[in-house]
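>>> quick one, fold the following:
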Amino acid sequence: MSVLGTIMSKILGKTPAASAASAAESPAPSETKAAVNAPGASSMPGVDVAAVLDALKDKATQQLNWKTSIVDLMKLLSMDSSLTARKELAKELHFEGDTGDSATMNVWLHKQIMKKLAENGGKLPDDLKHG
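So this is what the prediction gives:
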């Protein structure tokens, strides 16, 4: 699975543009299922991204700022957050900048991930919406 697909699956329980049938078959962490199936939340559309990630953050053994850091977001999802992994994600998302400028790339990646989450049924807090 692609880096983007893994992120989407771990947060939304599905990969981007996945059908309902394949989404139902996609395994998701128990914390994700619990947050997604919380009272008032539907299981597919409108997944509360902040609730899912905050639930994972509450169980994390280190302080991770998923709201601003792509590295921390990937760590929170138990993913490889190395520069190599982030460059692969940048390639998947068609980053046109210099991957040697990791700070700029990281900011761009975080914005793109938030945008992709929103496009695929994720509900984001207003401060994470990137027009």
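>>> can you give me the helices in the protein?
Remark: helices assigned in the chain by DSSP state H are 3-12, 20-25, 30-36, 49-59, 70-76, 83-92, 102-119.
>>> the last one versus helix 3-12: what angle between them?
Same thing as helix 102-119. Angle, helix 102-119 to helix 3-12, by axes from the mean of the first three to the mean of the last three C-alpha atoms, to 10 degrees: 50 degrees.
>>> contacts for helix 102-119, please.
4, 7-8, 11-12, 16, 49, 68-71, 73, 83, 86-87, 89-90, 93, 95, 97-99, 124, 128-130 (C-beta atoms under 8 Å, 6 or more residues apart in numbering). From N, CA and C alone the C-beta is placed, and that goes for glycine too.
>>> mind redoing it with 7 Å?
4, 7-8, 11-12, 16, 49, 68-71, 73, 83, 86, 89-90, 93, 95, 97, 99, 124, 128-130 (C-beta atoms under 7 Å, 6 or more residues apart in numbering).
>>> out of the helices of the chain, which gets the lowest mean score?
Ranked by mean pLDDT, these bottom out at helix 20-25, with a mean of 36.
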